[in-house]
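# pasted the sequence and its predicted model underneath.
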Amino acid sequence: MTVLLGHAGDDAASRSAPAVREGTHRNGIRSGTRPPTGGTGRWRRGRLIAVAAVLTAWLMLAHAWVPNTFGHLGSLLETFLPWLGASVPVLLALALVRRSATAAVAVLLPAIVWCSMFGGTVVDKRSDGGDVTVLTHNVGAENPDPEGSARELAASGAGLIALEELTAKAAPVYERVLAGSHPYHTVQDTVGLWSRYPLHDAAPVAVMRWNRALRATVAAPKGPIAVYAAHLASVRAHLGTGFTTSERDKSVGRLADAVRAEPLPRVLVVGDFNGATDDRALRPLTAQLRSAQEAAGDGFGFSWPAAFPVARIDQILTKGIAALSSWTLPRTGSDHLPVAASLRL
């Protein structure tokens, strides 16, 4: 006789019980997996992007604290400081790809800092009028068409034209072409000034071991202006030592000393300074004078290199003179763009 253990109802109960898959609890959650956490994952992702955003904001705010070591890193950063804003859309795109709320919020920080520092620069501050228009241009020693450049400058309508990097071969070309529109001029080695108004007391200014600066008194319609035109020393790049700015920084100091001793109340300082006004090395000058581009420009007015300008190293600075508008001109045969400003005396 065979004896069956259990109750007959057990089979029915087993048939009626809900099937449970292996590895799955009765509450429907697969074993070995975490329960859903809502939106917290969006806040945990993208931490590296958030750190990069915070560091970018810090660099913009604390650029003056970046030491001028390791190849004058501080000056180099300040020359291209506005371009740190280009990181904002890149970081934001990465945050969106990562679907990271933390990174997206962090990117707001450099965006706000950039707008607070440069938002006023991108606004068009130009106005009509003006008593004198000044233009400065590094015409380039390798310029293949100095006569064409001279004709374009003559047609600009500027009453004062300062030229830098004149060569012995090209200087007579500029003198000949500009003579009809600008009868008064002085050339001091590689720097020249052409004017529609009489010039007095033209002389070189010793800012470097070789002459690349001049000063002249311009008999403008509403009174005399002391005009300084300069081509400061270039920034050099060397393997192992980085960028070298020591010669330029010394020439800035000497030019600033000359401006500080200037007896005339209205002063105009123009030329190729091989540095942006944000560069701490130019502070001896910018502490005394105001940039026409910053006061009355439209955008950053980048002037170099001409093919794709990324920095404004050609400057028009004023003291006792109001700038009404500032702009760049079309490219000539030089690797710099001409820059101009309309001034009210």
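Arrived safely.
# L282 contacts N274, doesn't it?
No. Taking contacts as Cβ atoms under 8 Å, L282 lies outside contact range of N274: 9.5 Å. Bear in mind the C-beta positions are built from the backbone N, C-alpha and C, glycine included.
# low-scoring stretches of the stretch 51-200 of the chain, by residue?
70-71 (pLDDT under 70).
# ok, now with 90
Residue ranges of the stretch 51-200 of the chain with pLDDT under 90: 67-76.
# okay, helices next: where are they in it?
Secondary structure of the stretch 51-200 of the chain by DSSP state H, counting those that start in this stretch: the helices cover 73-79, 87-98, 101-118, 146-154, 171-178.
# among those, which comes closest to L329?
helix 146-154 (7.6 Å; Cβ to Cβ).
# what about that closest one, distance to the chain center?
Helix 146-154 has its C-alpha centroid displaced from the chain centroid by 27 Å (Cα atoms, centre = their mean, to the nearest Å).
# what about the closest residue to W114 other than its chain neighbours, distance to A220?
Once flanking residues are discounted, W114 sits nearest to G85: 4.1 Å by Cβ to Cβ, 6 or more residues apart in numbering. Going from G85 to A220 by Cβ to Cβ, to the nearest Å gives 38 Å.
# outline the domain layout of this structure.
40-118, 132-344 (automatic domain parsing).
# deepest of the ones you listed, which one?
With neighbours defined as mean count of other Cβ atoms under 10 Å, the domains of the chain peak in mean count at domain 132-344, which reaches a mean of 20.
# centre of the chain versus that one, how much separation?
The answer for domain 132-344 is 18 Å, by Cα atoms, centre = their mean.
# quick one: end-to-end length of it, please.
For domain 132-344, the separation between the terminal residues is 7 Å (Cα to Cα, to the nearest Å).
# D124 is nearest to which of the domains of the chain?
domain 132-344 (4.2 Å).
# output the domains of the chain in JSON lines, with distance to D124 appended to each entry.
Formatted as JSON lines, the domains of the chain follow (distance: least, Cβ to Cβ, whole Å):
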{"stretch": "domain 40-118", "distance to D124": "14"}
{"stretch": "domain 132-344", "distance to D124": "4"}
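# out of those, which is closest to K125?
domain 132-344 (5.0 Å).
# isn't T56 up against W83?
No. Between T56 and W83 there is no contact under Cβ under 8 Å: 11.0 Å.
# name the nearest residue to T186, ignoring sequence neighbours.
T186's closest residue in space is A202 (Cβ to Cβ, 6+ apart), at 3.8 Å.
# host element of the one you found?
strand 199-204 (DSSP states H and E).
# who are the packing partners of that strand?
strand 184-188, strand 213-220 (3 or more Cβ pairs under 8 Å, 6 or more residues apart in numbering; DSSP states H and E).
# so which of those strands is nearest A64?
strand 213-220 (27.1 Å).
# helix or strand right after that closest one?
With secondary structure assigned by DSSP H and E, strand 213-220 is succeeded by strand 223-231.
# endpoints of stretch 269-286, how far apart?
End-to-end distance for stretch 269-286, by Cα to Cα: 10 Å.
# residues in contact with stretch 169-184?
139, 141, 143, 146-147, 150-151, 153-154, 161, 163, 166, 185, 187, 192, 194-199 (Cβ atoms under 8 Å, 6 or more residues apart in numbering).
# give me that answer again for 6 Å
Applying Cβ atoms under 6 Å, 6 or more residues apart in numbering, the external contacts of stretch 169-184 come out as P146, E147, A150, R151, A154, V187, W194, S195, R196, P198, L199.
# of these, which is the nearest to T244?
Out of the contacts of stretch 169-184, the member with the shortest distance to T244 (by Cβ to Cβ) is V187, at 28.6 Å.
# before we move on, the earlier item: distance to G253 for the helices and strands packed on strand 199-204 - can I get that in JSON lines?
As requested, the helices and strands packed on strand 199-204 are arranged in JSON lines below (distance: least, Cβ to Cβ, whole Å):
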{"stretch": "strand 184-188", "distance to G253": "20"}
{"stretch": "strand 213-220", "distance to G253": "13"}
